[in-house]
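Asker: Mind folding the following:
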Amino acid sequence: MPKPEISGKALSIISSQDSFEIRAKPASGREELFFDDKKDVIVAFLKEPAEDGKANCELIKLLKRASGRDFKIISGASSRRKIIMAIK
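Answerer: Model (predicted):
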């Protein structure tokens with residue numbers, strides 16, 4: 001599986017913070033994480049559509065591949081704005 005594109009600031013946040021906000025962009029045709037400085041949020045481009053939890057599953061797997069940590073969605077499971085928490 002090819003590595004997703006990940007900006008340095010996004011990787012720093014997901015690797016070090018226990019919770020953070022993500023703006024998901026499902027069905028975008030690519031996997032990418034970057035930090036949007038203007039909106040002060042991590043943006044996640046996802047290949048899967050937002051149906052039956054497919055995009056959420058892809059997001060959690062993408063975060064784990066990027067950082068080696070486990071995560072769960074604590075808010076926004078049916079929204080594009082999500083609060084993610086690392087599982088210890």
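
Asker: In terms of secondary structure, what does the biggest helix by length in the chain contact?
Answerer: Identified as the longest helix of the chain according to DSSP state H is helix 54-67. Judged by 3 or more Cβ pairs under 8 Å, 6 or more residues apart in numbering; DSSP states H and E, helix 54-67 is in contact with helix 8-16, strand 19-25, strand 32-36, strand 70-75, strand 81-87. C-beta: built from backbone N, CA, C; applies to glycine.

Asker: could you check the distance from S19 over to I42?
Answerer: 12 Å (Cβ to Cβ, to the nearest Å).

Asker: more crowded one of the two?
Answerer: I42 (24 against 11; other Cβ atoms under 10 Å).

Asker: Would you check that my belief about that one contacting L11 is correct?
Answerer: No: the criterion here is Cβ atoms under 8 Å, and I42 misses it with L11 at 9.6 Å.

Asker: Between these two, which contacts overlap?
Answerer: Common contact partners of I42 and L11 (Cβ atoms under 8 Å, 6 or more residues apart in numbering): L33.

Asker: pLDDT averaged over stretch 77-88 - what is it?
Answerer: Averaging pLDDT along stretch 77-88 gives 96.

Asker: Give me the distance between the two termini of it.
Answerer: 20 Å (Cα to Cα, to the nearest Å).

Asker: Identify each buried residue in that stretch, please.
Answerer: 82, 84, 86 (16 or more other Cβ atoms under 10 Å).

Asker: ok, those residues vs P4, which is closest?
Answerer: The nearest member of the buried residues of stretch 77-88 to P4, counting by Cβ to Cβ, is I84 at 15.5 Å.

Asker: Quick check: beta-bridge partners of the closest one?
Answerer: F20, I73 (DSSP bridges).

Asker: which ones are touching it?
Answerer: 14, 19-22, 59, 63, 71-74.

Asker: can you give me phi and psi for V41?
Answerer: phi -150, psi 150 (degrees, to the nearest 10).

Asker: That one is in contact with K25, isn't it?
Answerer: No: counting by Cβ under 8 Å, V41 does not reach K25; the two are 11.5 Å apart.

Asker: ok, R80 - contacts?
Answerer: Contacts of R80 by Cβ under 8 Å, 6+ apart are 23-26, 50.
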